[in-house]
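Could you work out the structure for the sequence below:
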Amino acid sequence: MKDSSGCSLRDLFPGQFEHLERELRGEPGAREAERDGPLAWDYLASRAQELILENQDFDIFESLARGWAALRKLREYAREPKRAEDRTFDVALGKHEFTLQLRPTLTYQIGSLPEHSIPFDLALSVRVESVVLAILHGRIRAVDSADCSVTAQLKYRGIPLHDELKTQKVRAPGRIRLREPGLEISAG
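Numbers count the residues shown, from 1 in each chain. Model (predicted):
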């Protein structure tokens with residue numbers, strides 16, 4: 001078994017964000033920051049992209065498992081008597097879709113201005129064709145045979161910073177073990 005799928009969110013982002021510098025200039029304090037010159041804004045735009053990518057290095061399949069842990073269909077595995085059993089249940093899920101909303105934040109300081117934070121919105125839409133989840137003691141322990149596609153859209157103040165990214169079908173490379181103790185399934 002592998003510890004991660006090797007499929008990170010970083011792999012979905014484009015090389016550069018189209019409107020990032022222009023949108024950041026609309027931030028409060030932009031007029032005062034203009035005295036620092038256009039090079040400061042060029043740097044900020046490039047640094048924003050780096051920071052977002054650095055902080056989005058989490059595993060896609062582990063993030064998906066968090067969504068699956070809340071599915072009603074799996075609640076029976078979080079309740080007695082199945083929770084108490086000392087065996088792993090392999091549960092197959094068919095086609096389904098859901099969206100993960102993330103909020104990465106960039107904190108920066110230009111020149112003598114006070115530190116400032118900029119929140120971004122990141123929407124991941126996931127279409128799952130099929131997946132098999134390994135469940136033990138009310139927790140998802142592994143993901144197996146997953147086929148899905150993912151779209152990602154990073155926005156600032158509701159404005160897209162790049163064209164929506166779409167993956168081809170993503171397949172879990174073998175059985176992916178989630179970090180211990182696994183993800184607890186909501187009992188409802």
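
Quick check: end-to-end length of stretch 113-131?
Stretch 113-131 has an end-to-end distance of 50 Å (C-alpha to C-alpha, to the nearest Å).

Pull out the buried residues from that stretch.
The neighbour-count check on stretch 113-131 (16 or more other C-beta atoms under 10 Å) flags 116, 118, 120, 121, 122, 124, 126, 127, 128, 131 as buried. The C-beta positions use only the backbone N, C-alpha and C, and glycine is treated the same way.

Backbone dihedrals for residue 62, both of them.
Phi and psi for residue 62, reported as degrees, to the nearest 10, are phi -70, psi -40.

Now do the contacts for the closest residue to it other than its chain neighbours.
Spatial nearest neighbour of residue 62, chain neighbours left out: residue 178 (5.8 Å); criterion: C-beta to C-beta, 6 or more residues apart in numbering. Residue 178 makes contact with 62, 65, 140, 141, 142, 143, according to C-beta atoms under 8 Å, 6 or more residues apart in numbering.

cool, residue 94 as well?
Neighbours of residue 94 in contact, by C-beta under 8 Å, 6+ apart: residue 130.

Give me the distance between it and residue 131.
9 Å (C-beta to C-beta, to the nearest Å).

Among the buried residues of stretch 113-131, which lie within strands?
116, 118, 121, 122, 124, 126, 127, 128, 131 (DSSP state E).
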